[in-house]
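Colleague: Give me a model of this one.
(3 chains)
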Amino acid sequence: MERLSAWWKRLVRSSSILRFVDINLRGIGQVMFQNNPLSGAFFLAGVGWGSYAAGVPQVAIAGLLAVVVATLTARWLHADEASLASGLYGYNAFLVGLALATFLSPGAMLWAYVVLGAAVSVVVSLGIANVVKPWGVASLTFAFVLTTWLLLLATYGFSGLVGKALPSAGVVAAFQPYETNPLQLADLARGVLHSISQVFLKGSGVAALLLLVGLAVNSPVAAAFAVGGAIVAVATAHLLGAESELITGGLLGFSPVLTAIALGTVFYKPSWRVAAYTALGTVFTVIAQSALDVALTPFAIPALTAPFVLVSWLFLLPRQCFEPASTISIDREKLAA
Amino acid sequence: MERLSAWWKRLVRSSSILRFVDINLRGIGQVMFQNNPLSGAFFLAGVGWGSYAAGVPQVAIAGLLAVVVATLTARWLHADEASLASGLYGYNAFLVGLALATFLSPGAMLWAYVVLGAAVSVVVSLGIANVVKPWGVASLTFAFVLTTWLLLLATYGFSGLVGKALPSAGVVAAFQPYETNPLQLADLARGVLHSISQVFLKGSGVAALLLLVGLAVNSPVAAAFAVGGAIVAVATAHLLGAESELITGGLLGFSPVLTAIALGTVFYKPSWRVAAYTALGTVFTVIAQSALDVALTPFAIPALTAPFVLVSWLFLLPRQCFEPASTISIDREKLAA
Amino acid sequence: MERLSAWWKRLVRSSSILRFVDINLRGIGQVMFQNNPLSGAFFLAGVGWGSYAAGVPQVAIAGLLAVVVATLTARWLHADEASLASGLYGYNAFLVGLALATFLSPGAMLWAYVVLGAAVSVVVSLGIANVVKPWGVASLTFAFVLTTWLLLLATYGFSGLVGKALPSAGVVAAFQPYETNPLQLADLARGVLHSISQVFLKGSGVAALLLLVGLAVNSPVAAAFAVGGAIVAVATAHLLGAESELITGGLLGFSPVLTAIALGTVFYKPSWRVAAYTALGTVFTVIAQSALDVALTPFAIPALTAPFVLVSWLFLLPRQCFEPASTISIDREKLAA
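Modeller: Prediction:
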C-alpha cells in the first residue's frame, strides 16, 4: 500500500491534471474523514454503484460535478493551499451534489442548482471554519447541511425546481408504526450496512462494502468504528421502538456512524474512556436523528447529517476532558486552525 | 445560620458520602443560582411536596436520580473540581429529570432515558460553557433546554416512550381565549406563587413558599427579586391580554422570575439603573415566553426555560454598560472562566 | 454638497437639539449603511411618502418614535459615543417601528409595543455586536430581525395586539402559482423599484426613487449597487419561476439589494473579483429569501431582512479571501471593534 501511495504521489507531482484528480478524490474521501485519494476512489465507486443500481445515475454525476466546481471555486477564492490539497473544500460540495440530485427532479435547472450550491458550499465552509475556530472544533459537514437546507426549502417557492423525493409536510404527530412485523436478524444486518451507505445517501449493501474497503485502506480503525457505530445505532433504535423501515433503511444510522468515526478515531486520542464516550455520543446521535426528523416535519426537508454535526460538536466542545489526537486529525485541525 | 454552615462544612470534610450529598444539594440550589446546600434542601422539599401533592412522586425521584448521575458523570469526565463542588454540573440534570418525568409516561424506558439525559446534560453543559466563555456570560440552563428538547422531540419517533403530557401540535393560529371570566386579585396572587414554583415545573403555592425560604436562607435579595419578577410578569401578561389559565398557572412567569434573579442579583452589581434594566428584561421575557410558546406550536414540545436563557443572554451580552457583580457571581463565572 | 455638509456640521455643534436630530437622521441612513443625515432625511421622506400613499401614516410615525426612543435608550445605557453619533443604535429600532406598525393593528398597545421594542432593540444590538466581534463582521440588521420576530410571534398569545397584516400559518406545500400571466418588462421594472423600497417595508416607486437619491448623495456607488442588486434579484427570481406577485411586489428583492450594497460597497475593497462574489451572494440571497419564507410558513411571521443577514454573514466570514474596505466601512467596524 505504501509503495502504491508513493507511486501515486510521484505521478501527482508530475501532472497538474492528476493533481486536480487527487484533490477531488481526497475531497470525496473527507466525507468520512479520510485524506486519501484511494479512499475517495472507493467511496466514488460505492456511490456510483448505488446510483446505477437505483436507476439514478445522475446522482453520482451531480456529486462529481459539484466536487469539481468546489475545487475551482476554492482556487478562485485563494483558499488555503494545504487545506485545498487535503480535500477539505470538496466533501461538503460532493454531498450537496448527491443530495440535490437525490431529492429534486432532473432537468437543466437542477444542474444550475448543483453548480451554484457547490460554489456556495465553499464560501459557507470557509465561513463556518472561521466561526468554530475559537473553540478548536472542526466545521464537519455543517456547510453541506446549511447550504442544502436553504436550496431545498427554496424549491417550494419556485416552479423551476420540483422536490419529487422530498418528504411531505405535516405537524408533529404521535408515533404511528406502519410496519409491525418483528425484525429478524437479517433485517438488522441490512440496517447496519445501509447505515453506512446512507452516509452518501444510498441504501445499498454493495455500496456499504465498497465504502468499508475505502475506509480500511486508509484506516482499519475507522472501518471498525463505522461498523461498531452502525451496530450501536441499529440496536439503540430497535430498543427505543423506532419505525422498522427507518431502521432497516439505515435512515437512523448514518449520522451515528459519522459520530462514531469522528469521536472514536479522528479527534481524540483513542482509549477505553474515549471509546465509552464515543458510545454515549453514538447512542445520543440516534436520539438527535429522531428529534431532528420530527422537528423538520413541518418544513418538508430531510435532516441530512445535521444530527451528526450537532452531537459531535456537543461532544467535541468539552476538549479539556480528553486528550486530542496527535497526528490523525492534523488535516481537519488545519482547517480549524 | 453561619454556625450551621460552619458545622455542615466540618461534617462534609469528614465524610465522602456527605461531600457527595453536599454537591448534589448545591446542584439543586444552582437551579436558582444558590450555591448553598440548605437552599438545595429547601428546593428539593418544595419539589418533593409539589410532586407528592400532584400524585406524581416519580417526578421528584427522577430529578434526584438525574442529579446523582450527573455528579458521577462529571467526575468521570474529570470536570473542574471547584465547579463540581459548587453544584454547577448538577442543576441542568436535575431539571432534565423533572421535565422527562413530567412530560413522559412512567416505565422502565423512562428511567433509562433519565439516566442518559442526565449524563448527556453534563457533556452539553461543559460544551456550552466553553462556547459562551469568550463573551463572559454564563451558560445558564441552556444545556437543560437543549438536551430535553432533543429527548422529547425524539419520543415522537419511538414507540418505547409516550409523551402523555406533551402539548399537541398545530400551526400557529390567532389568539383564542378559552377563559373569559375577569381575573380576581386572588387569581393574580396565585399566578405570582405559581410563577415561582413553575421554575421547577410545579404549580403549587406550598412549593413556592418552600422555594422562597430556600432562596432567603442564602440571599434575601434573590427572594425579593423572585417575588418582584413574578409580580412584574403576571402584571405584564395580564395587561397584554394573555390567556387567564396561563397566567394563574404561572406558565408565563417562571422564565421572568429567573431573569429577574439573574440580572438583578447574580451578574450585575445592584443599583437603581440595574433594577430598571432588570425590569425591562423581565417584561421582555414575558414576551419571549409567549413568542417561544407560539414558535414551538408546530413541534409539540414545551418552551422550558428557553425564554429566560435567550433574554438573559441578550441582556448580559452588553457587559460594557454595567458593572459586574464582584463576589456574588464568582461561582457562575468560574464555569465561564 | 461638501459646503452643505460643513454648514450642517457647524449647526449641529452649536445646538444639542440639532445634534439629536442629526443622530436620528444618521440612524435612519444606516438602514442602508449611509452615515449621512441627508441620506437619512431622504430615506425618511421616502418612508413618509410610502406610508401616506398607502393610507398608513402611523407606520412612518412609529419608525420615527422608535428611532428617538432608541437614541435615548443608548444614552441611558452609556453606549459608545462615536457609534451613537454615527447612528449605529438607531437603524434597527427604525425598522422595528416600521415593521410593528405595518403588521399590527393600530391602538394604544401598539405604541407601547413600539417603545418597548425600540428600547430592547438597542440592548440586542449591543449584545449582537459583542457576539460577532471576534469574527470581525458587523451585526447588520439582526437585532431588528430577532426583536421583531419575538414581538410578532408573541402577539399570537395576547388579546391586546392583533396581527392584522401578518401572513397566515400553514404547513409547507408544493409550489402553487396564483398568477399565471407572463410578466411584461414593465412588471419587472416595477419589481426592481419595489425591491429597493421594500427595504423599508414599502411597495412604492416614488419611495424607491427618494431612497436612491438618499443613497446617491452619500455614495453613488451604493446607489448603483442597489439598482444592480435589484435587477439581479428580479432576474434570478423570474428564471427560477417564483410567484409573479412576489417578484413585482419587490418581496424577493429587498434582502438581495442590501446584500449587494453590503458586499459590494461597504465591507470589501471594490474590485472585479468582489463584484463577481457580490453577484453570487446576491443570487444566493434570492434563494435564501425563498427558503426563509417557506421555513417561516408554520410560524405565520415574515422573514424580514433575515435572508440578507444570513447570506451576508456567510459571505463576510471568509475574510481572508478578500481585502477589507479601508475607509468606507469604518463606522460599521467601529461597532464591531
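
Colleague: what about the helices in the stretch 101-250 of chain A?
Modeller: Assigned helices in the stretch 101-250 of chain A, in chain order: A:108-132, A:142-155, A:185-197, A:205-218, A:220-239, A:244-248 (criterion: DSSP state H, counting those that start in this stretch).

Colleague: Let me know which of the ones you listed is tucked in deepest.
Modeller: helix A:142-155 (a mean of 26; mean count of other C-beta atoms under 10 Å in any protein chain shown). Yep, even glycine has a C-beta here, placed from its N, CA and C like the rest.

Colleague: close to chain C, is that helix?
Modeller: Yes. Using C-beta under 8 Å from any C-beta of the partner chain, helix A:142-155 comes into contact with chain C via A:149-155.

Colleague: and that helix, how far from the chain's centre?
Modeller: In terms of C-alpha atoms, centre = their mean, to the nearest Å, the centre of helix A:142-155 is found 14 Å from the chain centre.

Colleague: mind checking pLDDT for the nearest residue to A:Cys321 once chain neighbours are set aside?
Modeller: Excluding the flanking residues, the one nearest A:Cys321 by C-beta to C-beta, 6 or more residues apart in numbering or on different chains is B:Leu77, at 4.5 Å. In this model, B:Leu77 is scored at 97, pLDDT.

Colleague: Quick check, B:Leu77 in contact with B:Ser125.
Modeller: No. In this structure, B:Leu77 is not within contact of B:Ser125 by C-beta atoms under 8 Å, at 10.3 Å.

Colleague: Output the below-cut-off pLDDT ranges for the stretch 51-200 of chain A.
Modeller: By pLDDT under 70, the weakly predicted segments of the stretch 51-200 of chain A are A:178-181.

Colleague: Distance of the closest residue to A:Ala260 other than its chain neighbours relative to A:Leu258?
Modeller: Of all residues not flanking A:Ala260 in the chain, A:Gly229 sits nearest, at 2.6 Å (C-beta to C-beta, 6+ apart). Distance from A:Gly229 to A:Leu258, counting by C-beta to C-beta, to the nearest Å: 8 Å.

Colleague: swap in A:Val221?
Modeller: The gap separating A:Val221 from A:Leu258 is 15 Å, by C-beta to C-beta.

Colleague: returning to that earlier point: the residues of helix A:142-155 next to chain C also near chain B: which ones?
Modeller: Of the residues of helix A:142-155 next to chain C, not one also sits near chain B (C-beta under 8 Å from any C-beta).

Colleague: you'd agree A:Pro324 is up against A:Phe267?
Modeller: Yes. Using C-beta under 8 Å, A:Pro324 makes contact with A:Phe267 at a distance of 6.6 Å.

Colleague: These two: which is more packed in?
Modeller: A:Phe267 (25 against 13; other C-beta atoms under 10 Å in any protein chain shown).

Colleague: quick one: pLDDT of the more buried one?
Modeller: 94.

Colleague: repeat for A:Gly50
Modeller: 97.

Colleague: which residues touch it?
Modeller: If you count contacts by C-beta atoms under 8 Å, 6 or more residues apart in numbering or on different chains, A:Gly50 has them with A:60, A:197, A:200, A:202-204, A:206-207.

Colleague: so which pair among these is furthest apart in space?
Modeller: A:Ala60 and A:Gly203 (14.6 Å; C-beta to C-beta).

Colleague: Next one: the residue of the stretch 101-250 of chain A found nearest chain B from A:Pro177, what distance?
Modeller: Residue nearest to chain B within the stretch 101-250 of chain A (C-beta to the nearest C-beta): A:Gly241, separated by 3.3 Å. For A:Gly241, the distance to A:Pro177 (C-beta to C-beta) stands at 8 Å.

Colleague: got it, and A:Leu146?
Modeller: 32 Å.

Colleague: Does A:Arg64 touch A:Phe43 like I think?
Modeller: Just to correct that, residue A:64 is Leu rather than Arg. No. When contacts are counted by C-beta under 8 Å, A:Leu64 is not listed as touching A:Phe43 (11.5 Å).

Colleague: higher neighbour count, these two?
Modeller: Taking A:Leu64 and A:Phe43 together and counting by other C-beta under 10 Å, A:Phe43 has the greater number of neighbours (29 against 18).

Colleague: Would you mind listing the residues in contact with the spatially closest residue to A:Leu317 that is not a sequence neighbour?
Modeller: Using C-beta to C-beta, 6+ apart and skipping residues adjacent in sequence, the residue nearest A:Leu317 is B:Gly127, 3.1 Å away. Counting by C-beta under 8 Å, 6+ apart, B:Gly127 touches A:313-318, B:143.

Colleague: any idea which of those residues is the one closest to chain C?
Modeller: Lowest distance from chain C to the contacts of B:Gly127 (C-beta to the nearest C-beta) belongs to A:Leu317, with 16.0 Å.

Colleague: The stretch 1-150 of chain A against chain B: which residues are in contact?
Modeller: A:134-135.

Colleague: got the residues of the stretch 1-150 of chain A near chain C?
Modeller: A:76-80, A:109, A:116, A:119-120, A:123-124, A:126-128, A:130-131, A:134, A:149-150.

Colleague: Okay, and A:Ala260 sits in which element?
Modeller: Take DSSP states H and E as the rule and A:Ala260 turns out to sit in helix A:254-261.

Colleague: Buried residues of the following helix or strand past that helix, list them for me.
Modeller: Next in sequence after helix A:254-261, counting helices and strands by DSSP H and E, comes helix A:272-295. Neighbour counts over helix A:272-295 (16 or more other C-beta atoms under 10 Å in any protein chain shown) mark A:273-274, A:277-295 as buried.

Colleague: show me the contacts for the closest residue in space to A:Pro167 that isn't next to it in sequence.
Modeller: Nearest non-adjacent residue to A:Pro167, counting by C-beta to C-beta, 6+ apart: A:Ala300, 5.5 Å away. When contacts are counted by C-beta under 8 Å, 6+ apart, A:Ala300 touches A:156, A:163, A:166-169, C:171-172.

Colleague: The same query, at a cut-off of 7 Å, please.
Modeller: By C-beta atoms under 7 Å, 6 or more residues apart in numbering or on different chains, the contact list for A:Ala300 reads A:166-169, C:172.
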